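Undergrad: Okay, sequence plus prediction incoming.
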Amino acid sequence: MASHSLKEGGLGGLLGYRLAQARVSTNAVFDQHAGAPLGLKPVEFSMLALLCANPGVAPAKLARALAISRPQATQCLDRLEAKGLAQRQPSSTDGRGFEVSATAEGERSAKLAIEALQAAERAQLASLSAAEHGMLLELLGKLARVPRAAG
């Protein structure tokens, strides 16, 4: 047995362990193709992509979609604004609220990064058939929609 190979014991059957293992390689792909080029953390990139798809969205909706607190969403938006990738406008329906959108630079950056990530992921997942790839995405989507346990 090679020195880097270890018996997994009960870990091999745990979803969290398998997701953590997969996350190592997906983090590397993200960092190379989106994180480093844009200077963004994964949650910031996800927020930017959501802003591109949902112009004029309320910050509270972004927080819920990303499963982060409102203060965390505000901090994330502050960083995106500082980079010139997002902008806040007063809400057209709520005098106290804001609507957030990607800037033209944010839209351009997100589009290029998504294209680069899609190409890198295709290469990363080349061992999967198209059906397996689709099934993996479908199953992860179902898992993501499971209500979160109250903590």
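TA: Thanks, I have it.
Undergrad: what about the strands in the chain?
TA: Secondary structure of the chain (DSSP state E): strands at 86-90, 98-102.
Undergrad: can you count the residues close to Thr103?
TA: Thr103 has 17 neighbours, counted by other Cβ atoms under 10 Å. (Each C-beta comes from the backbone N, C-alpha and C, glycine too.)
Undergrad: just His133 next, same as before
TA: Counted by other Cβ under 10 Å, the residues lying close to His133 total 15.
Undergrad: just Glu115 next, same as before
TA: By other Cβ under 10 Å, the residues close to Glu115 number 11.
Undergrad: Can we start the residue count at 408 from this point?
TA: Fine by me, first position is 408 from now on; the one you just mentioned is Glu522.
Undergrad: just to revisit the earlier point, columns distance to Ala533 on top of the strands of the chain, output as CSV?
TA: Converted to CSV, the strands of the chain look like this (distance: least, Cβ to Cβ, whole Å):
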stretch, distance to Ala533
strand 493-497, 34
strand 505-509, 31
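Undergrad: winner for burial among those strands?
TA: Compared across the strands of the chain, strand 505-509 shows the largest average neighbour count, a mean of 20 (mean count of other Cβ atoms under 10 Å).
Undergrad: Give me the pLDDT for Met408.
TA: For Met408, the model assigns a pLDDT of 39.
Undergrad: wait, I meant His411
TA: Confidence score, pLDDT, at His411: 69.
Undergrad: quick one on the thing from earlier: the strands of the chain: which one's closest to Glu522?
TA: With respect to Glu522, and counting by Cβ to Cβ, the nearest of the strands of the chain is strand 505-509 at 15.7 Å.
Undergrad: Quick check: buried residues in the top helix by length along the chain?
TA: In the chain, taking DSSP state H as the definition, the longest helix is helix 511-531. Residues of helix 511-531 classed as buried: Gly513, Glu514, Ser516, Ala517, Ala520, Ile521, Leu524, Ala527 (neighbour count, 16 or more other Cβ atoms under 10 Å).
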